[in-house]
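> Give me a model of this one.
(one chain, ligands or ions: 4)
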Amino acid sequence: MSSGELRVLGACPLDCPDTCSWVVTVQDGSAVKMRGNPDHPYTRGALCVKVNRYLEHTRAADRILHPMRRVGPKGSGRFERISWDEALEEISVRLRGIVDEYGGEAIWPYLGTGTLGYVQGSEGIAGRRFWNVLGASRHFLNICSSAGNSGLRQVYGTPGGMDPETFALSRLILLWGTNTLTSGHHLWKFIQDARAAGAHVVAIDPIRTRTAEQADEHLPIRPGTDAALALGLMNVVLAEGAEDRDYLENHTSGWENLREEILRHPPARVAEITGLPEADIRALGTRLARTRPTGIRATMGVQRHAGGGTAMRTIASIPGVTGDWRHPGGGIVYSTSGHVHLNIDTRDDLLPGPVRTLTMTRLADELDESVKCLWVYAANPMGSTSGQNRVRERLLREDLFTVVMEQFPTDTVDYADIVLPATMQIEHADLHAGYGHMYLLWNEPAVEPPGECLSTTETFRRLARHMGLTEPSLYDSDLELAEQLLTSGHPSLEGITLDRLRKEGWVRLSVPRPFVPFTDGFPTPSGRMEFGSGPAYVPPHTASAAPGSYPLALITPASHTFLNTTFGNNPELLKRSKGPRILVHPEDASRRGLSEGQRARVFNDEGEFEAVVEISEKVRPGVVASTKGHWRKLSPGGATANAVVAARDADLGRGAVYHDNLVELAPCATTG
Ligand SMILES: Nc1nc2c(c(=O)[nH]1)N[C@H]1C(S)=C(S)[C@@H](COP(=O)(O)OP(=O)(O)OC[C@H]3O[C@@H](n4cnc5c(=O)[nH]c(N)nc54)[C@H](O)[C@@H]3O)O[C@H]1N2
Ligand SMILES: Nc1nc2c(c(=O)[nH]1)N[C@H]1C(S)=C(S)[C@@H](COP(=O)(O)OP(=O)(O)OC[C@H]3O[C@@H](n4cnc5c(=O)[nH]c(N)nc54)[C@H](O)[C@@H]3O)O[C@H]1N2
Ligand code: SF4
Ligand SMILES: [Mo]
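Ligands and ions are numbered 1, 2, ... in the order given. Here you go, the predicted structure:
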């Protein structure tokens, strides 16, 4: 290390289960290198194809560096530079006016997943104290995982499950509706360790993803039918007499109902529902019956469907039937966030009274006349939210005051009245926890913010001061906020202090290794695993295709080169993405006269977008796929996949249905 060179420990803020630990090398006040931290036991030194470009991204030419005010019509993206004082003054006057005339509930603080930080981002609900003082509407961040979370809570009382590191001990691994090598690749090392010891790895996914290609076996299931498959596999387990009767009797409740549901789903029937060969269902069921421990990694892909909550609930029943929770390496994990017990003190006592809740994925419906201010931060609803065309119509409303705090001129920024420049992760402090591992991480700022960028916390502190708000907790510093987070008194935080986090960069939660959850019972009302009542399989929307309706089931999963819409403007990553594409099975392509490389319209009653046709047997007939994350203004046709995604709710938790929409395809008139 040369003199004047500093190494600063930080953490990746993006909405990815891996929350990597990173090291930033700083020379003369500027960040010259970012590397994965080799000392971190889970992420072990590697970042990913996206974040390897993070430093370059912080210095991108299109970075927003100053507050701006709209000068053109809404949607035009034309702005003039203004000072922070002017911005704060205009915002203060508008917010005061709205609160006085319509009440605080006319404000919708629309916080997204741009950073998962507990201080600056969605996990700690940054800004919530400020909104509470104004009496703003609540924002329900249901966009990502809420159906699955609800399903898991019903069974386990928590969305938390296995420590992903224990997959190294699994002997059968089911990768269920999860594209590990794209959406959280660090798990792969543990899977490889298991394989070296003889484990069999199965990918259950309608698409032959890069993960499915690397697995030992791939079951190309019909979308949204996973609960039926889970029932079919358990049917084989029962036929083999391999259910763990002792576990069922002593640690679960609701077995009679589940057992009936299982018996109603023999492999032949499940083959019809899922489109999988009966022999494959029987073979995997037999393997499941005979292999302990079996570890299931199911993530968000599986629950972005009409029956997604129930699917997660039914899949999560499997380890109760097999008794896999007895063994390290057995069980299921969706997200480890249920094991994180920080003290998130949003000071809801500051609210002047009860307030309504508005739902993130329902922006297209709920951004009505009753909302006078939409405050968007760490979110890009024009790109990421369902019902894109209707969202756009709503954002055009002249009487709506829209403020967007952003790093980049996103599709949403184009509709703002005021834009506030936001810091990036190397420029602010934050506390993080992985949702795919068992560590807390500290992100120390490495450099000064460029231009006039401010962090989320500092923006709200300045705005509170400008508005003359007197509530002292609105002025807590970032370090004070971080200290408060660590004061829950939960045993998993024992010995974890801010000093230690700042020194070491990351600390494992204070749990045993290997960590096996639920050994002292389940955090449910009964203390048992609760299979629940009612149907264990809810069909997808796409199964309801009536004659004459749109025939193809569209899936819109994670892109390898973007993180949601973040990096969608990075020239190199955009190039590598090859632009919006649509995977089409050869039979479906030929029926529509589509050829490889041709541009197609993907459409339904919601809207349409354009994508280049990629003909491939990687998708089942009847299924097409196009990845999320592209920017509208950088896409041919000026729309993206969410133009055809409906703002509908899943069965539980008001979850989103990004993979459960019917579309049709046609060649573009002008082909490019
Ligand atoms: N590179 C990259 N990484 C990311 C993200 C990103 O945008 N890019 N996004 C991050 C975020 S916000 C999240 S929430 C996670 C999401 O990551 P994942 O949980 O992996 O979610 P998806 O990519 O939506 O879907 C995963 C897989 O599920 C499959 N799938 C779709 N429908 C079904 C179904 O009905 N049944 C089954 N069995 N499989 C189905 C899809 O084909 C896809 O391959 O990843 C995070 N990581
Ligand atoms: N079609 C389809 N759509 C999807 C999905 C899908 O599978 N298919 N997945 C959904 C999922 S899982 C998710 S989580 C959502 C994500 O949807 P959003 O929460 O809207 O996330 P992003 O699109 O990544 O936009 C985040 C924005 O926050 C900004 N940002 C990052 N850090 C900060 C910060 O510190 N401060 C401020 N002010 N801004 C910051 C970034 O520049 C970026 O523009 O998308 C959903 N959309
Ligand atoms: S996006 Fe995920 S894999 Fe990439 S650096 Fe961030 S946490 Fe690590
Ligand atoms: Mo997400």
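> Number of residues surrounding P354?
By the measure other Cβ atoms under 10 Å, the count of residues near P354 is 8. For glycine as for every other residue, the C-beta is placed from the backbone atoms N, C-alpha and C.
> got the domain boundaries for this protein?
According to automatic domain parsing, the chain comprises the domains 5-58, 68-143+340-475, 146-334, 541-667.
> closest to ligand 1 out of these?
Ranking the domains of the chain by their distance to ligand 1 (criterion: Cβ to the nearest ligand atom) puts domain 146-334 first, at 2.3 Å.
> Most tightly packed of the domains of the chain?
Of all those, domain 146-334 has the most neighbours on average by mean count of other Cβ atoms under 10 Å, namely a mean of 23.
> ok, G45 to L6 distance?
As judged by Cβ to Cβ, to the nearest Å, G45 and L6 stand 19 Å apart.
> hmm, I was thinking of R508
Plainly put, R508 is 25 Å away from L6 if you go by Cβ to Cβ.
> repeat for H490
In this view, H490 and L6 are 33 Å apart by Cβ to Cβ.
> and the most centrally placed residue in the chain, what element?
Geometric centre of the chain, nearest residue: C144, 4.3 Å, by Cα atoms, centre = their mean. Secondary structure here is read from DSSP states H and E; on that basis C144 sits in neither a helix nor a strand.
> I'd say it and M300 touch.
Yes - in this structure, C144 sits in contact with M300. The criterion is Cβ atoms under 8 Å, and the distance is 6.1 Å.
> So E165 belongs to a helix, correct?
Yes - when the secondary structure is assigned by DSSP: H, G, I helix; E, B strand; the rest coil, E165 falls within a helix.
> Which residues of the stretch 451-600 of the chain lie near ligand 2?
Proximity of the stretch 451-600 of the chain to ligand 2 (Cβ under 6 Å from any ligand atom) is limited to residues T456, T556, P557, N564, T565, T566.
> pLDDT at the second one, what is it?
With respect to pLDDT, T556 has a value of 98.
> Next, the contact list for it, please.
With contacts taken as Cβ atoms under 8 Å, 6 or more residues apart in numbering, T556 has the following neighbours: A625, S626, T627, K628, A641, N642, V645, Y658, H659.
> could you pick out which of those are near ligand 1?
When the contacts of T556 are filtered against ligand 1 using Cβ under 6 Å from any ligand atom, the residues retained are K628, H659.
> For the protein, what lies in contact range of ligand 2?
Going by Cβ under 6 Å from any ligand atom, the residues of the chain near ligand 2 are 15, 112-115, 120, 143-144, 300, 304, 377-381, 383-384, 405-408, 410, 422, 456, 556-557, 564-566, 628, 641-642, 645, 658.
> now with 5 Å?
Within the chain, the positions lying close to ligand 2 (Cβ under 5 Å from any ligand atom) are 15, 112-115, 143-144, 377-380, 384, 405, 407-408, 410, 422, 556, 564-566, 628, 641-642, 658.
> Name the nearest residue to G655, ignoring sequence neighbours.
Using Cβ to Cβ, 6 or more residues apart in numbering and skipping the chain neighbours, the partner closest in space to G655 is A147 (2.6 Å).
> okay, the helix or strand harbouring the one you found in PDB with CA atoms only?
Under the assignment given by DSSP H and E, the secondary-structure element containing A147 is helix 146-156. Included here for helix 146-156 are C-alpha records, laid out as PDB according to Å, rounded to 0.1, in the frame of the first residue of the first chain:
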ATOM      1  CA  SER A 146     -44.600 -10.500   0.100                       C
ATOM      2  CA  ALA A 147     -46.600 -13.500  -1.200                       C
ATOM      3  CA  GLY A 148     -43.800 -15.900  -0.300                       C
ATOM      4  CA  ASN A 149     -43.200 -14.200   3.100                       C
ATOM      5  CA  SER A 150     -46.900 -14.600   3.900                       C
ATOM      6  CA  GLY A 151     -46.900 -18.300   2.900                       C
ATOM      7  CA  LEU A 152     -43.800 -19.000   5.000                       C
ATOM      8  CA  ARG A 153     -45.100 -17.100   8.000                       C
ATOM      9  CA  GLN A 154     -48.200 -19.300   8.000                       C
ATOM     10  CA  VAL A 155     -46.100 -22.400   8.200                       C
ATOM     11  CA  TYR A 156     -43.200 -21.300  10.300                       C
END
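> Any idea what G295 is bridged to?
Beta-bridge pairing for G295 (DSSP bridges): I173, G331.
> check contacts around it.
Counting by Cβ under 8 Å, 6+ apart, G295 makes contact with 162, 166-167, 169-170, 172-174, 194, 324, 329-333.
> how about a cut-off of 6 Å?
Contact criterion Cβ atoms under 6 Å, 6 or more residues apart in numbering gives F167, S170, I173, G329 as the residues in contact with G295.
> All good on my end, thank you.
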